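Engineer: pasting the sequence and the predicted coordinates here, then a few questions.
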Number of protein chains: 2
Amino acid sequence: MNKGVLFIISAPSGTGKSTIVGEVLKADPNIRFSVSATTRDPRPGETDGESYYFMSREKFDSLVNSGGMLEHAEFCGNCYGTPKGPVFKNLEEGHDVILEIETVGASQVMEACPEAVGIFILPPSLKTLYHRLKKRSTDSEEVIKDRVSKAAGEVRKAYKYDYVVINDDLDTAISEVRQIISASRKLTKLNSDTIEGVLKEC
Amino acid sequence: MNKGVLFIISAPSGTGKSTIVGEVLKADPNIRFSVSATTRDPRPGETDGESYYFMSREKFDSLVNSGGMLEHAEFCGNCYGTPKGPVFKNLEEGHDVILEIETVGASQVMEACPEAVGIFILPPSLKTLYHRLKKRSTDSEEVIKDRVSKAAGEVRKAYKYDYVVINDDLDTAISEVRQIISASRKLTKLNSDTIEGVLKEC
């Protein structure tokens, strides 16, 4: 059995990343979603192991210190991270795994797992993003402008990813991500075993 | 209109590269095949501009000297090369172009066109390749063994390509190459204009 492929999917907020990932997961049950760990308290309706792995600060720190996190960061006094165990278990079992993650965490994962495949979802333009955010949020003009300017910084990090997909039409973006997931299995960086295998049997 | 993508396809001889390329071209009329130039004489049935661009040594050398060849080499006293003009014209017109080429020429093209996408076709194993060559040729055992040992050297160059595809089942290999061709449009290295375009309209 072949090992699964680890996909890192990032996008500026408001780009529709979660919708795309949700549809891709629905369409292919072989793909698993990586659940994050957090030290924050569960909110009503959140389930441990589905929404997040909820854990104490002590457990979180001990996982980090033992090298058990693929990446981790602190926001507003709470820790968030990607536990290695479930990701590697899924990959070993032949499942692809999607890590939906912001660009700083993505960098850490790319360093730890150079064979991971990065996909960056882009808005059609920052102008469109501004209008999307304006339409769906009750935030002030200032807050929205700040988010767009942060998004610009994120977009510049797209160069670190293997693929970029523009989410202009949602269905097109979903089918492009699915196509990338299929073709990625043939990326040379995922196939050194294949190449060595061809050479071995002489 | 988007520019086309340049695909470099290489494989050890006996791997079925030409059959795969032929089927891929048949399935998608938007993809063009890059015709090589040569100084050797046409053989019966060969047409200028289809089989090869047949040209004098003087014209060939003058193209090389004016930077008009993407790559070139000499075999058995004859020169072979890839004229830039038709390739770039097709790409500008939005056609993808397939360059079916050996690994030394491929290296030259990759250097000249870093945005080209390399696909390396692998035999399932060198053993299979040996049996395929044995079955279809009247060459001596020694000649076949020499070809397999050369193939091993070629396979080691697969690491320079973006993708590797094993030709075990022909239909699978064809559909994998077609999938790669579709997904490749989203490779980040082909999309700096897209990324800069998103950032521009602020």
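Structural biologist: Happy to help now that I have it.
Engineer: now do the lowest-mean-pLDDT helix or strand in chain A: distance to the chain's middle.
Structural biologist: Using mean pLDDT, DSSP states H and E, helix A:126-136 stands out as the lowest-scoring helix or strand of chain A, at a mean of 89. Its chain's average C-alpha position is 22 Å from that of helix A:126-136, according to CA atoms, centre = their mean, to the nearest Å.
Engineer: could you dump that helix to CSV, C-alpha only?
Structural biologist: Presented in CSV, the C-alpha positions along helix A:126-136 are these (Å, rounded to 0.1, in the frame of the first residue of the first chain):
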residue,chain,number,x,y,z
LEU,A,126,-7.6,42.1,-3.1
LYS,A,127,-10.4,44.4,-4.3
THR,A,128,-12.8,41.4,-4.5
LEU,A,129,-11.6,40.2,-1.1
TYR,A,130,-12.4,43.7,0.3
HIS,A,131,-15.9,43.5,-1.1
ARG,A,132,-16.5,39.9,0.1
LEU,A,133,-15.4,40.9,3.6
LYS,A,134,-17.5,44.1,3.5
LYS,A,135,-20.6,42.1,2.4
ARG,A,136,-20.4,39.3,5.0
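Engineer: mind listing residues that contact that helix?
Structural biologist: A:12, A:14-15, A:123, A:139, A:144-145, A:147-148, A:151-152, A:155, A:168, B:198-199, B:201-202 (CB atoms under 8 Å, 6 or more residues apart in numbering or on different chains). All C-beta atoms are positioned from the backbone trio N, CA, C, and that covers glycine.
Engineer: mind listing what's buried along the helix or strand following that helix?
Structural biologist: Toward the C-terminus, helix A:126-136 is succeeded by helix A:141-155 as the next helix or strand (DSSP states H and E). For helix A:141-155, the neighbour count (16 or more other CB atoms under 10 Å in any protein chain shown) marks A:144, A:147-148, A:151, A:154-155 as buried.
Engineer: which elements pack onto helix A:141-155?
Structural biologist: If contacts are counted by 3 or more CB pairs under 8 Å, 6 or more residues apart in numbering or on different chains; DSSP states H and E, helix A:141-155 sits against helix A:126-136, helix B:192-200.
Engineer: quick check: next helix or strand after it?
Structural biologist: As assigned by DSSP H and E, the chain's next helix or strand after helix A:141-155 is strand A:163-166.
Engineer: and that next one, does that touch chain B?
Structural biologist: Yes - for strand A:163-166 and chain B, the contact criterion (CB under 8 Å from any CB of the partner chain) is met by A:163-166.
Engineer: those residues: which two are farthest apart?
Structural biologist: Maximum pairwise distance among the residues of strand A:163-166 next to chain B (CB to CB): 11.1 Å, between A:Y163 and A:I166.
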